[in-house]
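# my questions are about this predicted structure, shown below with the sequence.
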Amino acid sequence: MNTKHTPGPWIAKEQYRDSVTNDVSHFVMWQDRSKPGVMLRRLDDKKGAFSAADAKLIATAPDLLNALRIMVDATNVETIDPLVMFVSIEKARAAIAKATT
């Protein structure tokens, strides 16, 4: 299955803390594999940052997509392989934990 999105892993990082309001902003970063060497790219909203919860959820998108693909593939057969289903559920649980903790 071909994808047009940037493959993971994506990471949510704290960007800065406002000294007046004490608000913390976050961004999402990933390795750009289209260029040689270690090039990091980042994604943030038009103002330069996301909330921690939004950044974590965005960063988890590739993991969630992978877990869902495994689940769908496991159910598109005559006999569901319990091990494949177990692995996909564990991947989904890990992605949910990454997005919510």
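Cool, got the structure.

# which strands and helices sit next to the helix or strand where A53 lies?
Here A53 sits within helix 52-75, counting by DSSP states H and E. For helix 52-75, the elements it packs on are strand 10-17, strand 24-31, helix 82-100, judged by 3 or more Cβ pairs under 8 Å, 6 or more residues apart in numbering; DSSP states H and E. Where C-beta positions appear, they are placed from N, C-alpha and C, glycine not excepted.

# please identify the buried residues of it?
55-64, 66-67, 70-71, 74 (16 or more other Cβ atoms under 10 Å).

# out of those residues, who's nearest G8?
Proximity of those to G8 was ranked by Cβ to Cβ; the top entry is P62 with 2.8 Å.

# how close does the closest one get to D73?
In this view, P62 and D73 are 16 Å apart by Cβ to Cβ, to the nearest Å.
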